[in-house]
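Visitor: From the sequence below, what's the structure:
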Amino acid sequence: MAAKSGFRFVKPAIIVQSRIRLITDISPSPIRVGFTVTKKLGNAIIRNRAKRRMREASAKITPEFGLDGCDYVLIGREQAYKGSFINLLRDLRHAMRVLKEQMEATIAAKAI
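Guide: Numbering: from 1, shown residues only. This is a model prediction of the structure:
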């Protein structure tokens, strides 16, 4: 719910919402990722397939493009289960890269 008020990037296969968590420790906190698909897309079989594909894509993309101490919510769209997995990876990679740049700029601005 809190990620909704943060940053957001929309692609054909996926919507990525993100927010920067408050860091209370000296050590960086891990990246947290949540997945959701609305009932508008179809029955449970379709929704679960979309979530499985998003989990796999996230496991490949998040370590490289995710920012420590941030929360991400991946919202599946129709192309998350109908489209090719390569397109899902491309969309997620692009969204995560743009969001990372925006959040790093925000963190740098707050540090000044």
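
Visitor: where does this protein have low pLDDT?
Guide: Filtered on pLDDT under 70, the chain yields the residue ranges 1-5, 23-28, 111-112.

Visitor: can you pull out the strands in the protein?
Guide: All strands of the chain, identified by DSSP state E, fall at 7-10, 14-20, 32-36, 70-76.

Visitor: out of those strands, nearest to A109?
Guide: Smallest distance to A109 across the strands of the chain (CB to CB): 11.7 Å, for strand 14-20. Heads up, the C-betas are built off the backbone N, CA and C, glycines and all.

Visitor: Report all helices and strands that the closest one contacts.
Guide: strand 7-10, strand 70-76, helix 85-111 (3 or more CB pairs under 8 Å, 6 or more residues apart in numbering; DSSP states H and E).

Visitor: Would you mind finding the most buried of those?
Guide: Across those, averaging neighbours per residue (mean count of other CB atoms under 10 Å) puts strand 70-76 on top, at a mean of 22.

Visitor: Listing partners with orientation, what would you give for that one?
Guide: strand 14-20 (antiparallel), strand 32-36 (parallel) (DSSP bridges).

Visitor: From the chain's centroid, how far away is the shortest one?
Guide: Read it as strand 32-36. 7 Å (CA atoms, centre = their mean, to the nearest Å).

Visitor: With the first one instead?
Guide: In terms of CA atoms, centre = their mean, the centre of strand 14-20 is found 5 Å from the chain centre.

Visitor: Give me the angle between it and helix 85-111.
Guide: 20 degrees (axes from the mean of the first three to the mean of the last three CA atoms, to 10 degrees).

Visitor: hey, C-alpha coordinates of strand 14-20 in PDB?
Guide: Written as PDB, here are the backbone C-alpha positions of strand 14-20 (Å, rounded to 0.1, in the frame of the first residue of the first chain):
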ATOM      1  CA  ILE A  14       3.900  -4.800 -16.000                       C
ATOM      2  CA  ILE A  15       3.400  -1.800 -13.700                       C
ATOM      3  CA  VAL A  16       6.200  -1.300 -11.200                       C
ATOM      4  CA  GLN A  17       5.600   0.700  -8.000                       C
ATOM      5  CA  SER A  18       8.500   1.500  -5.700                       C
ATOM      6  CA  ARG A  19       9.300   3.400  -2.600                       C
ATOM      7  CA  ILE A  20      12.300   4.100  -0.400                       C
END
